[in-house]
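1. got a sequence here, can you build the structure:
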Amino acid sequence: MQFKLYLTKGGFNLSKVMKLKDAIAKYVEDGDVISLGGFTTNRKPYAAVNEILRQGQKDFIVEAGPAGGDWDTLIGAGRVKAYINCYTANSGYTNVSRRFRAAVEKGELLMEDYSQDVEMQRIHAAALGLPYLPCRLMMGSGLVDEWGISKEEREKIDKLPNDKFIYVENPFKKGEKLVAAPVPEIDTAIIHVQMASPDGTTRILGNTFHDVDIAIAAKKVIVTCEELVSNEYIKNFDAADNKIPGFCVDAVVHAPFGAHPSQCYDYYDYDADFYKMYNVKSKTEEDFNAFLDEWVYGVEDHEAYLNKLGATRLIGLRNVPGFGYATDVLMKGEDK
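-> Numbering: from 1, shown residues only. Next comes the predicted model:
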């Protein structure tokens, strides 16, 4: 069975709709400060990541948030110059992503570690347009004592702040010391969602993670979506679910199963077999490169990737209504 990527539900007028290849070529540049949406194994924009790998963009300054195999593959392929992060794992399959870990242990990756709350609040501060984030978080921990990227290294990279943080005095409470963390200046954000329309209006079901913040903060935003619907159709839904307004978005790409192998809430579940396979393949550089050759460089585009996975496998990942996840009701019974 061949998969074709069709536009769905309605005709389109003025639009931001682009092919994935064109969107990545136009909006992802060498040296970008880049942030990807989703959370570890949830709604990660893998179709876009694979296209970046094929096209060759590199030297990224990364504001990762809670990352997974998306950034692990880009790190393993040598595309990341500096990595600002709080957590990198394919949760439930690989506790610490292997190519990321290997790069850090070998001293091949400039990596800065913030606590997860500070990293997420830094990104939120960027969406608010704040010049820095004042907080008490991390104080009293090793996260203020140890810098992953030294001041000397930071001063060599224009898009990195010169300091991990500085101490400031609370202007409203004399003598109280606070951490002032730098706010990222994000060039490009890439987010995978359940539904979008040609004008860029974006519907996200379930947890939004940091996706709305990076969409507001970034200079350039690419949205890949499971369903591409008309501008009129998307207005039929509760406005609370249409999380990102169109004026924040530069490109809309129709990419069914664009988060595979991660899950996309209410659409499909994790591909556990794929994650288990990647866990094994990412253990060594040789096997990892073979994985890239087979699953990224060896397929022309996202449509070819879906065809390689096969219809039966993809259909088996679809969420079963009433369960909220993929399951074989006939085999396991509804009480399971």
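
2. now do the SS call for the closest residue to residue 218 other than its chain neighbours.
-> Leaving aside its chain neighbours, residue 218 sits nearest to residue 189 (3.7 Å; criterion: C-beta to C-beta, 6 or more residues apart in numbering). For glycine as for every other residue, the C-beta is placed from the backbone atoms N, C-alpha and C. For residue 189, the assignment made with DSSP: H, G, I helix; E, B strand; the rest coil gives strand.

3. pretty sure residue 189 contacts residue 215?
-> Yes. Contact between residue 189 and residue 215 holds when scored by C-beta atoms under 8 Å: they sit 5.7 Å apart.

4. more neighbours, these two?
-> residue 189 (32 against 28; other C-beta atoms under 10 Å).

5. which residues touch that one?
-> For residue 189, the contacting residues are 34-37, 214-215, 217-218, 220-222, by C-beta atoms under 8 Å, 6 or more residues apart in numbering.

6. quick check, nearest of those to residue 282?
-> Of all these, residue 36 has the smallest distance to residue 282: 17.8 Å, by C-beta to C-beta.

7. among the contacts of residue 189, which ones are in strands?
-> Among these, DSSP state E puts 34-36, 220-222 in strands.

8. tell me where the model's unsure across the protein.
-> Where the chain drops to pLDDT under 70, the residues are 1-14, 329-336.

9. scan it for its longest helix.
-> helix 116-128 (DSSP state H).

10. from the contact counts, what lies against that one?
-> strand 60-63, strand 132-135, strand 177-182, helix 211-217 (3 or more C-beta pairs under 8 Å, 6 or more residues apart in numbering; DSSP states H and E).

11. hmm, 7 Å instead?
-> In terms of contacts (3 or more C-beta pairs under 7 Å, 6 or more residues apart in numbering; DSSP states H and E), helix 116-128 is packed against strand 132-135, helix 211-217.

12. so which residues of this protein form strands?
-> Under DSSP E, the chain gives strands at 33-36, 60-63, 66-67, 80-85, 87-88, 110-113, 132-135, 166-169, 177-182, 188-196, 202-203, 220-228, 251-254.

13. okay, now the sheet partners of the fourth one, with direction.
-> Pairing partners of strand 80-85, with direction, according to DSSP bridges: strand 60-63 (parallel), strand 110-113 (parallel).

14. most tightly surrounded among these?
-> Sort the strands paired with strand 80-85 by mean neighbour count, taking mean count of other C-beta atoms under 10 Å, and strand 60-63 sits at the top with a mean of 26.

15. so who does the residue nearest the centre of the chain touch?
-> Nearest to the geometric centre of the chain sits residue 36, at 2.7 Å (C-alpha atoms, centre = their mean). Taking C-beta atoms under 7 Å, 6 or more residues apart in numbering, we find residue 36 in contact with 44-45, 70, 190.

16. by neighbours, which of those wins?
-> For the contacts of residue 36, neighbours tallied by other C-beta under 10 Å; top is residue 190, 32 neighbours.

17. looking at it, it is touching residue 44, isn't it?
-> No. Using C-beta atoms under 7 Å, residue 190 is not in contact with residue 44; the gap is 9.7 Å.

18. returning to what we had before: then the longest helix of the chain to PDB, C-alphas only?
-> Listed next in PDB are the C-alpha coordinates belonging to helix 116-128 (Å, rounded to 0.1, in the frame of the first residue of the first chain):
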ATOM      1  CA  GLN A 116      13.800  21.500  34.000                       C
ATOM      2  CA  ASP A 117      11.800  24.200  35.700                       C
ATOM      3  CA  VAL A 118      14.300  26.900  34.900                       C
ATOM      4  CA  GLU A 119      14.700  25.700  31.300                       C
ATOM      5  CA  MET A 120      11.000  25.800  30.700                       C
ATOM      6  CA  GLN A 121      10.600  29.200  32.400                       C
ATOM      7  CA  ARG A 122      13.500  30.600  30.400                       C
ATOM      8  CA  ILE A 123      11.500  29.700  27.200                       C
ATOM      9  CA  HIS A 124       8.400  31.100  28.700                       C
ATOM     10  CA  ALA A 125      10.200  34.300  29.500                       C
ATOM     11  CA  ALA A 126      11.300  34.500  25.800                       C
ATOM     12  CA  ALA A 127       7.600  34.300  24.800                       C
ATOM     13  CA  LEU A 128       6.900  37.100  27.200                       C
END
